[in-house]
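# Using only what follows, build the 3D model:
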Amino acid sequence: MAPKMADQHAEISSSEEEASLDTLDKIPQAGGLHMESSDEENNTPATKGDIKSLLHDIRKMFQADLAILREDMLSLTSRIKAAEETTTLAAEQKRLTDSQATITQKMTEYEDCNCSKNTKIKGIPTSVEKSELPQHMRRLIQHILPHKQARNILIDNIYRIRRQGRLPQQMNSDVIIQLVTHLDKMAIMAAVRDSLSLSFEQHTLTFYNDLSYPTMLWRQTMRPVTSVLRQRKTPYR
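Residues are numbered from 1 along each chain as shown. As a prediction, the model looks like this:
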């Protein structure tokens, strides 16, 4: 009995295996047919039109981005050029400003050096004519200096400064006296240093150093300081 059941079980198993093999044989055949179709489609060569269409699609895809990038590059280039020009102009302006300051300083120094022997006198009336100025100035020097010292003072030139348009007509224009040596100028300024003004022939005269305009402005700015130094009798230059 047992051997007979075993034989039947073996026959059933053999039948199942044959059915499974038949099914597996059918599945690969269907898959093989599908793969053959895909291979045939993939092996179809692309035409020139297909390539042009693909390139057109790619170009259209990136065209907007390229336009924006081009605008950004142009804007960046413009800003760089503007920055370079601004930097160049700023450097050139600084160079010109420094050159102008140097030239102004040199001209001021030259003018002050050229006028170092000059004394400016305010208050000499315009009734004293140009031809009378040398004799008038000689009497003035003898009035403020001892006779022996006054006799040794040498005058190079005397002239009256041209009146500026904004000054009133009744105001006397200044007179410049150019001395031969700086020592003569210092002797006259030392004689009037205490008051810097004196009365001569019924006129009040005031004596000044003949200085350039920038130096005069600088002295006016420093006047509060120099006044304190003068009161304390502190020497300064």
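# so how far is residue 96 from the residue nearest in space to the middle of the chain?
Nearest to the centroid of the C-alpha atoms of the chain, with distances taken as C-alpha atoms, centre = their mean, sits residue 90, at 4.0 Å. According to C-beta to C-beta, to the nearest Å, residue 90 and residue 96 sit 11 Å apart. From N, CA and C alone the C-beta is placed, and that goes for glycine too.
# what do you get for residue 203?
Counting by C-beta to C-beta, the separation of residue 203 from residue 96 is 48 Å.
# More neighbours: which of those two?
Higher neighbour count among residue 203 and residue 96: residue 203, with 13 against 10, using other C-beta atoms under 10 Å.
# What pLDDT does the model give that one?
The predicted local distance difference test score for residue 203 is 87.
# Might one say that it is in contact with residue 127?
No: because the distance of 9.8 Å does not satisfy C-beta atoms under 8 Å, residue 203 is recorded as not touching residue 127.
# Show me the helices in the protein, by range?
Remark: helices assigned in the chain by DSSP state H are 2-42, 48-114, 133-144, 147-151, 182-191, 213-231.
# who's in contact with the last one?
Which is helix 213-231. Residues lying outside helix 213-231 but in contact with it, judged by C-beta atoms under 8 Å, 6 or more residues apart in numbering, are 104, 108, 112, 211, 235, 236.
# repeat that for 6 Å
Contact partners of helix 213-231, identified using C-beta atoms under 6 Å, 6 or more residues apart in numbering, comprise 108, 112, 236.
# and what of the third one?
Applying C-beta under 6 Å, 6+ apart, the external contacts of helix 133-144 come out as 128, 150, 153, 158, 177, 191, 200.
# how far out from the middle of the chain is it?
A distance of 54 Å separates the centroid of the chain from that of helix 133-144, by C-alpha atoms, centre = their mean, to the nearest Å.
# Report the buried residues of that helix.
133, 136, 137, 140, 141, 144 (16 or more other C-beta atoms under 10 Å).
# Run through the residues that contact residue 159.
Residue 159 makes contact with residue 176 under the criterion C-beta under 6 Å, 6+ apart.
# what pairs with it across the strands?
Assessed by DSSP bridges, residue 159 has beta-bridge partners residue 176.
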